[in-house]
Structures are given as C-alpha cells and as structure tokens.
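Asks: take this sequence and fold it.
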Amino acid sequence: LTVEKYQFWSIRNVPVDEGLLLSVLLKIMNAKKTLELGVFTGCSLLTTALALPADGKQSIQIKKPTRLDCRSFKRPGWSIRLTSFFHSDAFSVLKDLIKNGKEEGSFDFAFVDADKENYINYHELLVRLVKVGGIIAYDNTLWFGSVAEPEETVAKPLRPGRNHVIKLNNFLAGDSRVELAFVSIGDGLTLCRRLASTETN
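Replies: Numbering: from 1, shown residues only. Presented below is the predicted three-dimensional model:
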C-alpha cells in the first residue's frame, strides 16, 4: 500500500527487518520512555510504540510537512504509548526538554531519521537526554551504500547526504560517550549505547 501510494518515496520507510530488530531490542531493554526525531508514514513510530509496555511513553518530533496521519494511531492500546507529538523543529523540542530540568537522562531510547546535516547537532543534545545504558539509533548510515564508494562514482543527488553521513560516522567512532555498533541492515543503522563518564568504549 505504501509503495502504491508514495511510489519512489516509499524507500524512505524503515524496512521490515530493521523494524523487527528495533522491536526486539526495545523489548530486551525493557524500554519505557522513547523519543523519535523525524517521521515519514510512521512505520518506525508504530514499531516502537507497539514494543513498549502498557506504561510506556513515547515522544515524537514531527517536522512539517509529514505524511503521518495521527488518527491512524488512535486505537485501543496504542494512544497510551503515543503520549507527545511535537510539530516543530527538532532543536526546539530537544532544547525545551533539557530546559524543562526533569528530562535529562530520562529516555531509554531515541531513534533519529531526520535531516542528515544535523545528525551531529542532534547527537549533542540526545546524549544529555538518553540515560546511561540507553540507546540512540541513527538511520540511513549507509546512505544507499555510497559511504563505501569514492565520491566521483556516486550520483550527484546522493553526494550531499553521503558527505553528512560520513562525517557523522567518523564523529561517532571517536565519541567516548557512546559505545558503537554499526548494523548493515536496511540503509544502515548505527546504535550508540550511552556510557557513564567513567566508562570507555
């Protein structure tokens, strides 16, 4: 249905196998409070919501325009998990959560599938919001496989995103605040486990 409706843009959906991996990971972690930056049709959003326990809470930043119809999530057992929608830019949402004074170190899991040029900037805020032992997941870190190719062989429309993703990958590899696992699933998924200040990766 998504392919039929959005055709080429359906490639932006989180693949089924990646969604299943995230679902199992959240259940293993017993995650109860999650945050998601960026939404297309809501595939990863729904995957996360359904993986949370009944007392779980999920906050979602949605930068307009979006193809998400929030009404489709208002079903028995779902709405209790989808507790906060923010139709705003991610920086405002994350900074407000930090400014609140009660949210730092309170999130178990964060999933980022937003504008690639700001991934590193989001990371600097998310490491303050995600608790020690929690996970920050970044989507599209293979960027259609182009990160492993010489720039001159990459199609020009892919090059800006490729360069942003390579910069992110290099940055995360050297960040002592997180333990890194790169998963070659879908378009690439990078998992960052938040470390205590005394831990080393």
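Asks: skipping its backbone neighbours, what lies nearest Glu151 in space?
Replies: The shortest distance from Glu151 to any non-neighbouring residue, by C-beta to C-beta, 6 or more residues apart in numbering, is to Arg159 (6.3 Å). To be clear about C-beta, it is placed using only N, CA and C from the backbone, and glycine gets the same treatment.
Asks: confirm that that neighbour sits in a strand.
Replies: No. Membership of Arg159 in a strand is not supported by DSSP: H, G, I helix; E, B strand; the rest coil, which gives helix.
Asks: burial check on it, number of neighbours?
Replies: Residues near Arg159, counting by other C-beta atoms under 10 Å, number 14.
Asks: do Leu25 as well
Replies: 17.
Asks: contacts only, for it.
Replies: 135, 191 (C-beta atoms under 8 Å, 6 or more residues apart in numbering).
Asks: wait, isn't Ala31 in contact with Leu52?
Replies: Yes. With contact defined as C-beta atoms under 8 Å, Ala31 reaches Leu52; the gap is 6.6 Å.
Asks: quick one, which of those two is more surrounded?
Replies: Using other C-beta under 10 Å, the more surrounded residue of Ala31 and Leu52 is Leu52, with 24 against 20.
Asks: point out where the protein drops to low pLDDT.
Replies: Applying pLDDT under 70 to the chain flags residues 1-13, 39-44, 59-87, 197-201.
Asks: can you name the farthest residue from the center of it?
Replies: What lies farthest from the middle of the chain is Glu152; by C-alpha atoms, centre = their mean that is 29.1 Å.
Asks: look at it and give its secondary structure.
Replies: Glu152 ends up helix, using three-state DSSP.
Asks: repeat that for Ile136.
Replies: Per three-state DSSP, Ile136 ends up strand.
Asks: if I look at it, how far off is Ala54?
Replies: Noted for Ile136: a distance of 24 Å to Ala54, by C-beta to C-beta, to the nearest Å.
Asks: higher neighbour count, the two?
Replies: The neighbour comparison of Ile136 against Ala54 (other C-beta under 10 Å) goes to Ile136, with 23 against 8.
Asks: would you agree that one is in contact with Val112?
Replies: Yes. Ile136 sits in contact with Val112 when judged by C-beta under 8 Å, with a separation of 7.0 Å.
Asks: what sits in contact with each of the two?
Replies: Common contact partners of Ile136 and Val112 (C-beta under 8 Å, 6+ apart): Leu126.
Asks: go through the helix or strand Asp96 falls within and flag the buried ones.
Replies: Here Asp96 sits within helix 90-99, counting by DSSP states H and E. Neighbour counts using 16 or more other C-beta atoms under 10 Å place 90, 93-94, 97 of helix 90-99 among the buried residues.
Asks: equivalent analysis for stretch 185-199, please.
Replies: Neighbour counts using 16+ other C-beta under 10 Å place 185-195 of stretch 185-199 among the buried residues.
Asks: could you dump these into JSON lines with secondary structure added?
Replies: Shown next, in JSON lines, are the buried residues of stretch 185-199 (three-state DSSP):
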{"residue": "Ile185", "secondary structure": "coil"}
{"residue": "Gly186", "secondary structure": "coil"}
{"residue": "Asp187", "secondary structure": "coil"}
{"residue": "Gly188", "secondary structure": "coil"}
{"residue": "Leu189", "secondary structure": "strand"}
{"residue": "Thr190", "secondary structure": "strand"}
{"residue": "Leu191", "secondary structure": "strand"}
{"residue": "Cys192", "secondary structure": "strand"}
{"residue": "Arg193", "secondary structure": "strand"}
{"residue": "Arg194", "secondary structure": "strand"}
{"residue": "Leu195", "secondary structure": "coil"}
